[in-house]
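Asks: Got a predicted model here, sequence first, then my questions.
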Amino acid sequence: MNIDLVASRKWLYLVSGALVAISLVLLAIPPALRPGIEFTAGTTTQIRFRQPVTEEQLRSVYASLDHGEARIQAVSPTEYLIRTRELQVPPGSFTIPATQADQPLGTVGPVPVTAVGSATVGAKGATGKVPLRLLTKAPCDFGGNAAEVDAGTKVDVLQIETSCSDGAHYLVAVPSTSTGGWVRAADTQNYVAAKSNEPAQDQGERTIIENAIRGQLGDFDVLEFATVSPTVSRVAVRNAAIALGVATVFILIYIAIAFASVPSPVRYGTCAVVAMLHDVIVTLGFFSLFGKVFGIEVNLMFVTGLLTVIGFSVHDTIVIYDRIRENIRQAPNASLHENVNAAILQTIARSLNTSLTVLITVASMLALGGASIQSFLLVILIGITAGAYSSIGIAAQLLVSWETGELARLAFWRRAAPAAEQAG
């Protein structure tokens, strides 16, 4: 194709400069980015339902209570870990999770814990003896039989374990006897949750949320309810920033070594880093705008997506650089302008097809939902678009501008010297 894309580089620089300038202005207007709950104080709740509940059902309940920011992580089909912004609760409303040492491993006698319910041993219509098993080490690691009871015996349910591969298990004790152990929930019937005789304490927002969940999704146990700080997330962001700095240095070194056979290999690494920073700034600018207009927050998934975008950006740039290197070997007498233009035309179809494939996939995932990874998908969508443009419009074009001295003429001291000579 007889198209000179390099000749239009000044217009490409103008577009990039405008995007970067707008992004920096947006970032300068407080708040630069709207922090998610990972970067602010919040509340963590871990609950275990009596029956399987989907993540969508639980998210719907929180959204109806104006907690659309809730991050919900499934531990099992019945157990979830939820993090929300800091809830307003009175002192003494927190629940500390029991440690493994606090949980009984097995029992052959009365267990000094409060029953969470009652049930009848033996499935419907079952007769004979039902074994109660010992728990040897970890949950679901059952050993021999602790005892046997007649089918139809009413027992107190002391603990429920839902993570076992063969179904839920109950830790039971037979009232007025020394018999106790673990039994499969499927080998029992008529389970009834225990009711507290004490009046329910008003625990502020915790009570409101728990009542709504219990009313819509059924009964559950609160395993943990605690306030958390953003310290861990800040450390993660700090580590990500350090990783970005280290990666930048190694990108410069790697490209300088990989392209040592072409003139001025350090320029290739420098231009690749400039294009990468362009993508990062533009992505941050878009998220600053989204936060101000749509209330979209940044979280750890955003940081993950940003690091992914950096990888894509450098990858696309190296593909074009590799073609430039081959063109220089094949046509050493041609100008860098001609070799760069040819390299762009030779790789543009590949770059656009690769980027479009990823963008279509990401757009489909955004359209289908995925609220928990929305930030990650948006970063990928914006970053890959910016990266596909910057690899062609910045990284490759800057090589020509550097070679022809255009960048040097932009420097104040280079413009001031001729003016001083004319004045003399």
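Replies: Received the coordinates, thanks. Numbers count the residues shown, from 1 in each chain.

Asks: Look at the closest residue to D150 other than its chain neighbours and report its pLDDT.
Replies: Using C-beta to C-beta, 6 or more residues apart in numbering and skipping the chain neighbours, the partner closest in space to D150 is K129 (6.4 Å). For glycine as for every other residue, the C-beta is placed from the backbone atoms N, C-alpha and C. pLDDT, K129: 88.

Asks: And the one 5 residues further on, by the same measure?
Replies: On the pLDDT scale, L134 is placed at 84.

Asks: Surely it and H169 touch.
Replies: No: if you go by C-beta atoms under 8 Å, L134 and H169 don't touch, sitting 11.8 Å apart.

Asks: Mutual contacts of those two, please.
Replies: Jointly contacting L134 and H169 under the rule C-beta atoms under 8 Å, 6 or more residues apart in numbering are F142, W182.

Asks: which of the two has more neighbours?
Replies: H169 (25 against 18; other C-beta atoms under 10 Å).

Asks: partners of that one in the sheet?
Replies: E161, R184 (DSSP bridges).

Asks: Quickly note the distance from the residue nearest to D150 to N327.
Replies: K129 sits 83 Å away from N327, taking C-beta to C-beta, to the nearest Å as the criterion.

Asks: So between the two, which is more surrounded?
Replies: The neighbour count for K129 versus N327, taken as other C-beta under 10 Å, is higher for N327 (20 against 15).

Asks: related to what we said a few turns ago, tell me the phi and psi of the residue nearest to D150?
Replies: Main-chain torsions, K129, degrees, to the nearest 10: phi -90, psi 150.

Asks: For it, give its distance to N145.
Replies: Taking C-beta to C-beta as the measure, K129 falls 10 Å from N145.

Asks: Any chance of the backbone angles for V130?
Replies: The phi/psi pair for V130 (degrees, to the nearest 10) is phi -120, psi 120.

Asks: scratch that, A193 is what I was asking about
Replies: Dihedral angles (degrees, to the nearest 10) for A193: phi -70, psi 140.

Asks: what's the answer for P263, then?
Replies: The phi/psi pair for P263 (degrees, to the nearest 10) reads phi -60, psi 140.

Asks: Now do the SS call for F225.
Replies: Three-state call for F225 (DSSP: H, G, I helix; E, B strand; the rest coil): strand.

Asks: let me fix that: V172
Replies: Per three-state DSSP, V172 ends up strand.

Asks: so how many other residues sit close to it?
Replies: Neighbours of V172 (other C-beta under 10 Å): 28.

Asks: Give me the distance between it and V266.
Replies: Relative to V266, and taking C-beta to C-beta, V172 is found at 73 Å.

Asks: cool, and V192?
Replies: Distance of V192 to V266, given as C-beta to C-beta: 75 Å.

Asks: Those two - which one has more neighbours?
Replies: Comparing V192 with V266 by other C-beta under 10 Å, the one with more neighbours is V266, at 13 against 10.

Asks: Look up phi and psi at the more buried one.
Replies: When quoted as degrees, to the nearest 10, the phi and psi of V266 stand at phi -60, psi -30.

Asks: how about the nearest residue to it, chain neighbours excluded?
Replies: A256 (5.0 Å).

Asks: Buried residues in stretch 287-303, which are they?
Replies: For stretch 287-303, the neighbour count (16 or more other C-beta atoms under 10 Å) marks 287-292, 296-303 as buried.

Asks: mind listing the helices for the stretch 101-250 of the chain?
Replies: With DSSP state H, counting those that start in this stretch as the criterion, the stretch 101-250 of the chain has helices at 205-217, 231-258.

Asks: Can you name every helix or strand that the first one contacts?
Replies: Counting contacts by 3 or more C-beta pairs under 8 Å, 6 or more residues apart in numbering; DSSP states H and E, helix 205-217 packs against strand 42-49, helix 55-64, strand 220-228.

Asks: how about 10 Å then?
Replies: The helices and strands touching helix 205-217, judged by 3 or more C-beta pairs under 10 Å, 6 or more residues apart in numbering; DSSP states H and E, are strand 42-49, helix 55-64, strand 79-85, strand 220-228.
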